[in-house]
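**Student:** my questions concern the predicted model and sequence given below.
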Amino acid sequence: MALRRLAILSVGLLAGAGALVVSAQALGSGTALPSIVPSYQAVHSIERLVEHADRVVVGQLGDVVAREVDFGGDVAASADAGAGVPMAFYELHVHETVKGDARDTVVVGMIDEGGVNLPSALRLTSGATYLLFLRDRDSESAPGITVVEEFYVLLWGPAGVFDSGRGSEEFVARSTEVVAINEADVAHELTAGSASSGASEEAELERLTVTLDEVRAHVGG
């Protein structure tokens, strides 16, 4: 059974969120799911995330409300089921809006882990509460999506995800690329991190913990 390359389009929906050209390999007619290993723009501070996010919210991820394969509006590509990005759209119940207009719920679009094998850093769990940095999308910026009129995507992939910490206002960075609260402290933190990387490459790197007050301080500042 020949392997074929699954060409994932660099669609507007993902490109604006920091995702690039992604590729994966899948069996031509087998049952194995293709694997996607996206690469994202390096991001190093909360300050920079707040600056580039259209919306920053704390919310509980709900159920999938729609699914669609995104072909980036390319009619010719839509004839090949392996040429698109499978997307799942989740309802997010907003507990607090840190940046952006306040809404009770928003729709968040993510690569559908039911259609591909995703790295754990890109997987979110329904029922869990997150601090999310989001970019907005509509029919103009995401021409391949028709099932929802307006939605949001994670800013720079896992860099836009913070898991719940020990308290209701404490969150832990999903990405080890987010190393500082302030952009001015990034160089120092990167240097310190390199010096203390340790003997084992497999050792889990410490992840940045932030409070909502630290995030709020950069909104409108």
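**Tutor:** Good, I have the coordinates. Numbers count the residues shown, from 1 in each chain.
**Student:** just the helices in the chain please.
**Tutor:** Applying DSSP state H to the chain gives helices spanning 12-15, 46-52, 186-195, 212-216.
**Student:** could I get those helices as CSV with mean pLDDT?
**Tutor:** Shown next, in CSV, are the helices of the chain (pLDDT from 0 to 100):
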stretch, mean pLDDT
helix 12-15, 46
helix 46-52, 96
helix 186-195, 75
helix 212-216, 96
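**Student:** which one of those lies nearest to Val178?
**Tutor:** Shortest separation from Val178 across these is recorded for helix 46-52, at 7.1 Å, computed as C-beta to C-beta. Backbone N, C-alpha and C define where each C-beta goes, glycine included.
**Student:** which other helices and strands contact that closest one?
**Tutor:** Secondary-structure packing of helix 46-52 (3 or more C-beta pairs under 8 Å, 6 or more residues apart in numbering; DSSP states H and E): strand 129-138, helix 212-216.
**Student:** output those as JSON lines; include the columns distance to Ala42.
**Tutor:** What follows is the helices and strands packed on helix 46-52, written out as JSON lines (distance: least, C-beta to C-beta, whole Å):
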{"stretch": "strand 129-138", "distance to Ala42": "15"}
{"stretch": "helix 212-216", "distance to Ala42": "20"}
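**Student:** export these as JSON lines, with columns for distance to Arg48 and mean neighbour count.
**Tutor:** Formatted as JSON lines, those follow (distance: least, C-beta to C-beta, whole Å; neighbours: other C-beta atoms under 10 Å):
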{"stretch": "strand 129-138", "distance to Arg48": "10", "mean neighbour count": "22"}
{"stretch": "helix 212-216", "distance to Arg48": "12", "mean neighbour count": "16"}
